[in-house]
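> Structure here, sequence nowhere to be found:
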């Protein structure tokens, strides 16, 4: 259930998003605290009413995906007398205490971060994910919550999806001067949630606010589940393939600076950066070769200085940039060339041998 409550104790109730993303509307009156006969006994999640943000909408959704709070209703209020009796409260109340299930981040002195090398201050969504995220990942992957697969996926979803929500909600700049980005922002989810609030010159009733908040829960929840599915079912299996490519790199070229992916289309940049750091390989790998099965050709791509960066460790030769087909064959001396991008970060050839030679020349030519 999702309920918007005011100190006057009137309320509008919507059914829980729960696990089906469907809702219906009903109306109820909340009794005064002394009327125990009509008190609701179901598990309740509390958050603030009024203007909503991405973090509490997503936090409520995630809680409703857990075993304990799967059937819970969401109560939206700033009334402390009402909130104090709820089973769990997020993004309101001025208290962070997991023992009492209170997860606010607005109070002075709050400095909680996710850990594991992440330094962005947490929002209510980050707090919920930190304490309940492994349960959600375990359910999605079918592996025990204490397994390495769950741990790796849990961290990946935080880095590539959740941390941006935390950073934006807390006003943390993504970039600090000329240093690398402090967190990855693969979504503009926070802005889209903000736009779901009722317009300033529209219906600002409790019913309208509740309906808009439910849309925000649906939006954030669906994107979270999509991210969880991607990182657990597609991204994580690719890690082993990139490790295989690293181990076989000296068989591709004696320099060890060129890797060949054993399977086309798998995500590789984030895994390569992580594995290089874990294995202390430095930045010696400059090019990645893979088959483009749709084009029936091969690609040579440069390794970026960091995932998401447009700067390459080593580009393909400048003389090749923006050149195609037979002209590129003539300039490079390599048959079967298809193209080199104008910025030199990627090129194509009809054969694996052709892309390998393009990469080899890329190592020695400017």
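The structure has been received and is ready for your questions. Only a predicted model underlies this, so the values are computations on that prediction, with no experimental measurement involved. Residues are numbered from 1 along each chain as shown.

> low-confidence ranges in the stretch 1-150 of the chain?
1-41 (pLDDT under 70).

> hey, where'd the helices end up in it?
Taking DSSP state H, counting those that start in this stretch, the helices of the stretch 1-150 of the chain run over residues 54-63, 80-83, 124-141, 148-157.

> So which of those is nearest residue 195?
Closest approach to residue 195 among the helices of the stretch 1-150 of the chain is made by helix 54-63 (10.7 Å; CB to CB). Quick note: C-beta positions are derived from backbone N, CA and C, even for glycine.

> Now tabulate the helices of the stretch 1-150 of the chain in a markdown table and tack on distance to residue 363 and mean neighbour count.
A markdown table is the format used below for the helices of the stretch 1-150 of the chain (distance: least, CB to CB, whole Å; neighbours: other CB atoms under 10 Å):
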| stretch | distance to residue 363 | mean neighbour count |
| --- | --- | --- |
| helix 54-63 | 44 | 28 |
| helix 80-83 | 62 | 15 |
| helix 124-141 | 39 | 22 |
| helix 148-157 | 31 | 20 |
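
> How many residues are close by the residue lying closest to residue 42 once chain neighbours are set aside?
Computed as CB to CB, 6 or more residues apart in numbering, the closest residue to residue 42 that is not its neighbour in sequence is residue 73, at 5.9 Å. Using other CB atoms under 10 Å, residue 73 has 21 neighbouring residues.

> what's the answer for the one 4 residues further on, then?
For residue 77, the neighbour count with other CB under 10 Å is 24.

> Now do the helices in the stretch 251-366 of the chain.
Under DSSP H, counting those that start in this stretch, the stretch 251-366 of the chain gives helices at 269-279, 325-332, 352-364.

> which residue sits closest to the residue positioned nearest the centre of the chain in space, ignoring its chain neighbours?
The residue lying closest to the centre of the chain (CA atoms, centre = their mean) is residue 161, at 1.3 Å. Leaving aside its chain neighbours, residue 161 sits nearest to residue 227 (4.2 Å; criterion: CB to CB, 6+ apart).

> surely residue 53 meets residue 194?
Yes - between residue 53 and residue 194 a contact is recorded at 6.8 Å, counting by CB atoms under 8 Å.

> neighbour count winner among these two?
Shown here are residue 53 and residue 194; by other CB under 10 Å, residue 53 has more neighbours (22 against 15).

> Next, that one: phi, psi?
phi -130, psi 170 (degrees, to the nearest 10).

> give me every residue that touches it.
91, 169, 190, 193-194 (CB atoms under 8 Å, 6 or more residues apart in numbering).

> Derive a PyMOL selection command for the buried subset of those.
Burial among the contacts of residue 53 is assessed by 16 or more other CB atoms under 10 Å; the matching PyMOL selection reads:
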select buried, resi 91+169+190+193
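
> hmm, back to that, so which of the helices of the stretch 1-150 of the chain gets nearest residue 341?
Within the helices of the stretch 1-150 of the chain, the stretch nearest residue 341 is helix 148-157; the backing value is 28.2 Å (CB to CB).

> Give me the helices and strands touching that closest one, please.
helix 124-141, helix 206-230, helix 236-247 (3 or more CB pairs under 8 Å, 6 or more residues apart in numbering; DSSP states H and E).

> what does that helix contact?
For helix 148-157, contacts defined as CB under 8 Å, 6+ apart pick out 116, 129, 133-134, 137-138, 140-141, 143-144, 227-228, 231-232, 235-236, 239, 270.

> centre of the chain versus it, how much separation?
Relative to its chain's centre, helix 148-157 lies at 12 Å (CA atoms, centre = their mean, to the nearest Å).

> Which elements pack onto the helix or strand just after that helix?
Next in sequence after helix 148-157, counting helices and strands by DSSP states H and E, comes helix 163-169. When contacts are defined as 3+ CB pairs under 8 Å, 6+ apart, helix 163-169 packs onto helix 54-63, strand 118-121, helix 124-141, helix 189-194.

> wait, isn't the residue nearest to residue 161 in contact with residue 159?
No - at 10.8 Å, residue 227 does not count as touching residue 159 under the criterion of CB under 8 Å.

> give me the number of residues near residue 92?
Neighbour tally, residue 92, other CB under 10 Å: 23.

> I misspoke; the intended subject was residue 256.
Neighbour tally, residue 256, other CB under 10 Å: 15.

> That one and residue 284, how far apart?
6 Å (CB to CB, to the nearest Å).

> can you check residue 340 too?
Counting by CB to CB, the gap from residue 340 to residue 284 is 22 Å.

> of these two, who's got more company?
Counted by other CB under 10 Å, residue 340 and residue 284 do not tie: residue 340 has more neighbours, with 28 against 12.
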